[in-house]
Structures are given as C-alpha cells and as structure tokens.
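Novice: Have a look at this fold, sequence not included:
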C-alpha cells in the first residue's frame, strides 16, 4: 500500500467487510465496526480542522499567498467530504445489502485483518508521535 487516500479507503472497506462477515460468530464485532466508522469520521473532521487552522495561521503571518491557501483549503475540504461520503455510504448500507457490495472480503482472513488494523493504527497521530512522547 502506497498510503494514498484510495488505498486507505480500500483497507478500511476490507476491514469493515471482515467485521461484518464475522458478526454472527462474535457479537462484539458489531460494536467494533461502528466504533471504527465513528473514529474514522471523527479523525477526518479533526484533520480538516487542524489543516484549515494551520493555513489560517500561515495566512495571517504571510499575507502574500492568500490565493494559494484558498486553493489548498478547497482541496482539503474536498478530500474530507469524499472521506465522509464514503463513511456515510457504509453507515447507510443495510446488512443484507452489504453482502452484495463486498469487494475483497474473500481474501481477508483474521491475520490480514490484524495487519490492516495495525497499519491503519500506525497512521493515527498518536502512533506517529509516540517517539516524541517516549523521549519526553
């Protein structure tokens, strides 16, 4: 995985497919699936707010790059809306419809799901800044 938006959404979808497939054997997976969707939605909102705030701070200190900042703010908002649309589509999908929309759930087993979870967790801000916390 190269780390692009599309790849992350594919991994998220594969993990959600795996969780949905195995809810009959473990009822706690329903909660896990809802938790992941809510967490990813929250992360998208927080990342957008931080990016816009940092651009506003740069804009107030450097008044000459305003047109460039507006363009990148539009790109940030577009990316955030596409993520949120993806997550909303997952939320609105009924369980019976979800089985017909599965992409690669046949190839995701328990070990793959664990690997996906570890990769997605490594993309979170706390995991990326853990060395700083450990040093302090």
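Specialist: Here it is on my side, so go on. Everything numeric here is computed off the predicted structure, so don't read it as measured data.
Novice: For the rest of this, base every contact and every neighbour count on C-alpha atoms.
Specialist: Fine.
Novice: Skip the chain neighbours and tell me the closest residue to the most centrally placed residue in the chain.
Specialist: Centroid-nearest residue in the chain: residue 40, 4.3 Å away (criterion: C-alpha atoms, centre = their mean). In space, and not counting its chain neighbours, residue 40 is closest to residue 87: 8.0 Å by C-alpha to C-alpha, 6 or more residues apart in numbering.
Novice: next one: residue 52
Specialist: Per C-alpha to C-alpha, 6+ apart, closest to residue 52 is residue 73, 6.4 Å.
Novice: any idea how far the one you found lies from residue 55?
Specialist: 8 Å (C-alpha to C-alpha, to the nearest Å).
Novice: just residue 35 next, same as before
Specialist: 30 Å.
Novice: and the longest helix belonging to the chain, what does it pack onto?
Specialist: What stands out as the longest helix in the chain, according to DSSP state H, is helix 28-61. Secondary-structure packing of helix 28-61 (3 or more C-alpha pairs under 8 Å, 6 or more residues apart in numbering; DSSP states H and E): helix 5-21, helix 66-92.
Novice: To residue 124, which of those helices lies closest?
Specialist: helix 5-21 (12.1 Å; C-alpha to C-alpha).
Novice: I'd like to check the angle between that closest one and helix 66-92, please.
Specialist: Per axes from the mean of the first three to the mean of the last three C-alpha atoms, to 10 degrees, the angle that helix 5-21 makes with helix 66-92 is 20 degrees.
Novice: Give me the buried positions along helix 5-21.
Specialist: 8, 11, 12, 13, 14, 15, 16, 17, 18, 19, 20, 21 (16 or more other C-alpha atoms under 10 Å).
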